[in-house]
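> quick one, structure for this:
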Amino acid sequence: MSVLVLNTGSSTVKYELIDVETGERQAKGLVERIGEEEGLLTHDNGSVKDRFADHEAALKAILQVLGDISPEAVGHRVVHGGERFREAVVVDEEVIAAVERLAPLAPLHNPVNVAGIRVAQRAFPGVPQVAVFDTAFHHTLPPHASTYAVPREWQVRRFGFHGTSCAYVAERASAMLGRGLSQTNLIVLHLGNGASATAIRAGRSADTSMGLTPMEGLVMGTRSGDVDPGLAGYLARTRGIDADEALTRDSGLLALAGVSDMRAVRQRADDGDQDARLAREVYCHRIRKYVGAYYAVLGRVDAIVFTGGVGEHDSGVRAMSMAGLDRLGITLDPARNDEPSTGERAVSAPDGEVAVLVIPTDEEWEIARQTVTAIRNMPAR
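Below you'll find the model as predicted:
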């Protein structure tokens, strides 16, 4: 089955056409800077600069470069599935309405995810559309991990995100370790512009750092991660600041170092910028703290898994984050860690009790796989 995967973000659309039976990637690309004066569409090995006024314009441009390619299904990344969506589902009007109702929980993502679905429906009438939810993997969180200590009538809980990435790398990690997923305990560190830590027990999410929204947990590109809940009221009283906006768009690495991209932070730190050095130290300290906490949650850890752009490519972040964890059986091999490889690999010491793995995530493949499963599980009509 040929599946067109659409990963529609707040200012980007990433797409890939995948033959799920053979694994062949038939086409892939990315539209960036949607809504800006000069956007960029990169398709396979070529690129086109243009203005993409909105997501519909970007998706129409993607369909144009795909030409006569006709997928048998379209799989959509949808960020927030709330309580209702615990697995991928074939899209109908009821599903779309439910995703729209969840928009307050992911205001930057769910509305554009719906826009992607609408455009694809018009472009491929009669072709099944499937929604694959970032939050679905974490529906196994036990009540003691998903419950906030707040009044029940607020009807809020912890959901978690990056679930599609966690599902993919957990499968790959268990294969690298040579054991079944049901026998494997992992701590997955998805480190990119958004960042999260997840404790996985026997293939199921046991705890995760993001909560009701993607703001909680680790330090991120522009998001603060964990802060004192009293900060919002303090900022409102003393500075008239909208904390939701400030903690989402103006915080994280951007607030500490002046730039949100870890590559730029690293360069500034290497050049002697003290703010950038502190930013990396804060970032890695938070990761190390979560690793220790999730080790306690799981009781036994078989591997720490680094994934995402920063996790896969920044050996310094990996080294700083794992420093001082030798007593827990977590020891990096400096030579392996610094090796400029881009594939799946172990970077732990050969005699380390806990493996430290680097696994490039492949959310598009996981979305395609779940899309096919959802279609095959549709009840017969």
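> helices or strands up against the lengthiest helix in the chain?
Longest helix in the chain by number of residues (criterion: DSSP state H): helix 274-298. With contacts taken as 3 or more CB pairs under 8 Å, 6 or more residues apart in numbering; DSSP states H and E, helix 274-298 sits against strand 185-191, strand 195-201, strand 204-208, helix 252-257, helix 262-270, helix 315-322. (Glycine included, C-beta is placed from N, CA and C.)
> given the second one, what are its sheet partners and their directions?
Read it as strand 195-201. Using DSSP bridges, the strands paired with strand 195-201 are strand 185-191 (antiparallel), strand 204-208 (antiparallel).
> and the contacts of the longest helix of the chain?
By CB atoms under 8 Å, 6 or more residues apart in numbering, the list of residues contacting helix 274-298 from outside reads 145, 185, 187, 189, 191, 195, 197-199, 201, 206-207, 209, 217-219, 225-226, 253, 256-259, 262, 265-266, 268-269, 301, 304, 316-317, 320-325, 328, 330.
> report the mean confidence score over the helix or strand following that helix.
Using DSSP states H and E, the helix or strand that follows helix 274-298 towards the C-terminus is strand 303-307. Strand 303-307 carries an average pLDDT of 98.
> before we move on, what about stretch 22-36?
Here stretch 22-36 scores 89 as its mean pLDDT.
> before we move on, what about stretch 214-226?
95.
> in it, which residues are buried?
Buried residues in stretch 214-226, counted by 16 or more other CB atoms under 10 Å: P214, M215, E216, G217, L218, V219, M220, G221, T222, R223, S224, G225.
> would JSON lines of the helices and strands packed on helix 274-298 with distance to V95 be doable?
Output for these, formatted as JSON lines (distance: least, CB to CB, whole Å):
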{"stretch": "strand 185-191", "distance to V95": "26"}
{"stretch": "strand 195-201", "distance to V95": "25"}
{"stretch": "strand 204-208", "distance to V95": "23"}
{"stretch": "helix 252-257", "distance to V95": "32"}
{"stretch": "helix 262-270", "distance to V95": "36"}
{"stretch": "helix 315-322", "distance to V95": "38"}
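> may I see those organised as JSON lines, with mean pLDDT, mean neighbour count and distance to A136 added?
Putting the helices and strands packed on helix 274-298 into JSON lines (pLDDT from 0 to 100; neighbours: other CB atoms under 10 Å; distance: least, CB to CB, whole Å) gives the following:
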{"stretch": "strand 185-191", "mean pLDDT": "98", "mean neighbour count": "27", "distance to A136": "15"}
{"stretch": "strand 195-201", "mean pLDDT": "98", "mean neighbour count": "27", "distance to A136": "13"}
{"stretch": "strand 204-208", "mean pLDDT": "98", "mean neighbour count": "22", "distance to A136": "10"}
{"stretch": "helix 252-257", "mean pLDDT": "97", "mean neighbour count": "22", "distance to A136": "26"}
{"stretch": "helix 262-270", "mean pLDDT": "96", "mean neighbour count": "18", "distance to A136": "28"}
{"stretch": "helix 315-322", "mean pLDDT": "98", "mean neighbour count": "21", "distance to A136": "27"}
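> cool, thanks, talk later.
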